[in-house]
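In: Here's my sequence, what's the structure:
(chains A and B)
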Amino acid sequence: DVKVTQSSRYLVKRTGEKVFLECVQDMDHENMFWYRQDPGLGLRLIYFSYDVKMKEKGDIPEGYSVSREKKERFSLILESASTNQTSMYLCASSPGQIAKNIQYFGAGTRLSVL
Amino acid sequence: QQQVKQSPQSLIVQKGGISIINCAYENTAFDYFPWYQQFPGKGPALLIAIRPDVSEKKEGRFTISFNKSAKQFSLHIMDSQPGDSATYFCAASMGGGFKTIFGAGTRLFVKA
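Out: Below you'll find the predicted structure:
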């Protein structure tokens, strides 16, 4: 089974703090994604990566950055956390083959910014 | 053009009934239409998916109906069970999955 592990289930941070969300996958997938999930808005893509050290902006990248130094690990960074970044954050990975668009998700990190 | 519109937002169905969730898209470049199921405290997981060259796909009690001309697709859950209670997301994908747009989600509750 594919396993995508997010390091924290719950996080509480203060406004202005730098926040790191970590994600690790164990299936040697080329592609990794970060989404945020908000009620009534579905899942919105923040950033994705198709290879080590490669990254592409998604639909809502403002206020976020990412890092992918190793194939299995994809980190989401909130440079200066704000209250409007309180949300559920989901990491996903998928194989590199074009025919396989299936994404495998972690359990999520619920972040509260006070 | 990038939106996927999903309805209803929430759905209550009696055990044994049929649950129907509808989605519509605009961009004809989408070439893969998955449905994800999410239980509380878990991440979404792929339930069933379809490509636009077929009109229907069935896996057990779950069926996707796809209408390419209307740019609509729907999920039917036959003989709905309390264990099906979850949030369901439709999605539309292209570019090998790099561009996947999710619907807003439908919270399904199946009454015992």
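
In: From now on I want contacts and neighbour counts done on CA atoms only, so please keep to that.
Out: Noted.

In: Run through the strands of chain A in chain order.
Out: Assigned by DSSP state E, chain A shows strands spanning A:4-6, A:10-13, A:19-25, A:31-38, A:42-49, A:56-57, A:64-70, A:73-78, A:87-94, A:104-105, A:109-113.

In: what about those, which gets the closest to B:Leu75?
Out: strand A:42-49 (16.8 Å; CA to CA).

In: So that closest one, near chain B or not?
Out: Yes - using CA under 8 Å from any CA of the partner chain, strand A:42-49 reaches chain B at A:42-44, A:48.

In: So what touches that strand?
Out: With contact meaning CA atoms under 8 Å, 6 or more residues apart in numbering or on different chains, strand A:42-49 is reached by A:30-37, A:55-61, A:64-66, A:68, B:89, B:98, B:101-105.

In: between it and strand A:64-70, how many degrees?
Out: In terms of direction (axes from the mean of the first three to the mean of the last three CA atoms, to 10 degrees), strand A:42-49 departs from strand A:64-70 by 50 degrees.

In: Just want the angle from strand A:42-49 to strand A:87-94.
Out: Counting by the same axes, to 10 degrees, strand A:42-49 points 50 degrees away from the direction of strand A:87-94.

In: Okay, now the sheet partners of strand A:42-49, with direction.
Out: The strands beside strand A:42-49 in its sheet (DSSP bridges) come out as strand A:31-38 (antiparallel), strand A:56-57 (antiparallel).

In: who does the residue in chain A that chain B sits nearest to bridge with?
Out: Closest residue of chain A to chain B, CA to the nearest CA: A:Gly42 (3.7 Å). In this entry, A:Gly42 is beta-bridged to A:Asp38, by DSSP bridges.

In: For the residue nearest the centre of chain A, which residues are in contact?
Out: Compute the mean C-alpha point of chain A, and by CA atoms, centre = their mean the closest residue is A:Trp34, 2.7 Å away. Residues near A:Trp34 by CA under 8 Å, 6+ apart: A:45-48, A:76, A:89-92.

In: that older thread, give me the PyMOL select line for the residues of strand A:42-49 next to chain B, limited to the buried ones.
Out: Entered in PyMOL, the line below selects the buried ones among these, by 16 or more other CA atoms under 10 Å in any protein chain shown:
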select buried, chain A and resi 42+43+44+48
